[in-house]
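In: okay, here's the prediction I keep looking at, along with the sequence it came from:
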Amino acid sequence: MSVFNLEKLALLVSSRMGPLLVDHQRCSRVRSPLSKCSSCMDICPVDALSFSHDGIEINGDCLECGLCAGVCPTGALGIQEPTELALLDKVVTIGEREGTAVIGCRPQHELNPKGISIPCLGSLSWELLLTLDSASFPVYMVQSMKKCSECPVKGGGAQFLEQLRKSRDLLALLEMQRDAIKVMERAPELKAPKKADLPDPSRRAFFRSVFTGAKQVPRTMLNAVLEGPKEEERGIKAAKGTDTARLYLLKKALGGKPIQAEEFKALRQVKLASTCYFCKACSILCPLGAIKQTSGNRLVLDAGKCTGCKLCIDVCMHKSLVLGPSNLAQVCQEEKIVLARGVEATCQECGQKMISSEPKETCFICERKAQWRAG
């Protein structure tokens, strides 16, 4: 076992003090060059994002606005100051204590001097807005479109309104009357916090904040510090079933309401469109481990994990998968859906063993050869 390296740990923790959290292994572009995902690059106002064999690259032009985090389907990019889950917790704490909460962006700080400040309202996912809209107290979102038009974060204001529209489209679909979010150009007058609620300036408070931040360091990163990287951990490995913060928020917002089989176009889910040959590309490369090939030759989708990132479709050489509207009941109940059941057979052309989702006389290689000869 290697000796505990305090300096290395300090560098590791400090590297997480920036505004963005990056999990390269969750990025579909990192997992496969066949991925066509460009959500983060398309929304970045300064073209600060790119991809290399080492992972996601963020150059010095980054405005630290977090718009990329708000649209990343796999959670490869996220806001750290604060994370969406931490922001929700803060809003609930303040709202239950004061009867209201106010959120504004840092570039428009003068419009919201006493409220919660985040990099940009456009960085908020529609799933978080859905959860905030369900609060029992008003949540004021401070936004001046005039100031947004002057901000270097081009498109941030419009992105926020689009995400809010998506969340309210879902509420309308489910006939849920929730409108805690109030958009206004200037923050309302807020009560000054009670003295007991003010931060404790003592050394105890300081160390408590340090250790709270240290707990945010992923276990895998700490293991890398203490034990060093392991040779067998290199390369792309099949991901275990993991949940994104956005899907967690969606389930939290809708968890208390019986949901029928409503389909919601803003949340996409993979479906089988044609014959599957069980090559395992989708199950190995899925960033969230939402697709698994199980015993008995079954291809199973965990609806509670799938975010519709489309990587499985991009890597499927047989074009067997497509995206369709997500079934909200299946997502919230985390249903396991059997996409395909394999049938074992022997190719009558080459004699190779094969598995397919429907009876076949020839394997897909022999089928391709026949097509090439005919074409």
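Out: The structure has been received and is ready for your questions.
In: pull up the gap between the residue sitting nearest the centre point of the chain and D23, please.
Out: In the chain, the centroid-proximal residue (C-alpha atoms, centre = their mean) is G75; its distance is 3.1 Å. To D23, G75 is 7 Å away according to C-beta to C-beta, to the nearest Å. C-beta: built from backbone N, CA, C; applies to glycine.
In: next one: K166
Out: Look at K166 and D23: by C-beta to C-beta, they are 24 Å apart.
In: again with I58
Out: 13 Å.
In: again with K90
Out: In terms of C-beta to C-beta, K90 sits 23 Å off from D23.
In: E64 now?
Out: From E64 to D23 the distance is 18 Å (C-beta to C-beta).
In: so which of those two has more stuff around it?
Out: D23 (19 against 16; other C-beta atoms under 10 Å).
In: that one contacts C72, correct?
Out: No - counting by C-beta atoms under 8 Å, D23 sits too far from C72 to count as a contact (9.6 Å).
In: hey, what's in contact with both of the two?
Out: G78 (C-beta atoms under 8 Å, 6 or more residues apart in numbering).
In: where do the helices sit along the stretch 1-150 of the chain?
Out: Using DSSP state H, counting those that start in this stretch, the helices of the stretch 1-150 of the chain run over 6-15, 28-31, 39-43, 67-71, 84-98, 126-133, 145-150.
In: pipe the ones you listed into CSV and attach mean pLDDT and mean neighbour count per row.
Out: Converted to CSV, those look like this (pLDDT from 0 to 100; neighbours: other C-beta atoms under 10 Å):
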stretch, mean pLDDT, mean neighbour count
helix 6-15, 48, 12
helix 28-31, 93, 24
helix 39-43, 95, 18
helix 67-71, 94, 26
helix 84-98, 94, 17
helix 126-133, 94, 25
helix 145-150, 91, 13
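In: what's the closest of those to A340?
Out: Set against A340 and scored by C-beta to C-beta, the helices of the stretch 1-150 of the chain come closest in helix 28-31, at 21.5 Å.
In: wait, S357 sits on E344?
Out: No - counting by C-beta under 8 Å, S357 stays clear of E344, with 11.5 Å between them.
In: who has more neighbours, the two?
Out: Neighbour count, other C-beta under 10 Å: between S357 and E344, S357 has more, with 20 against 10.
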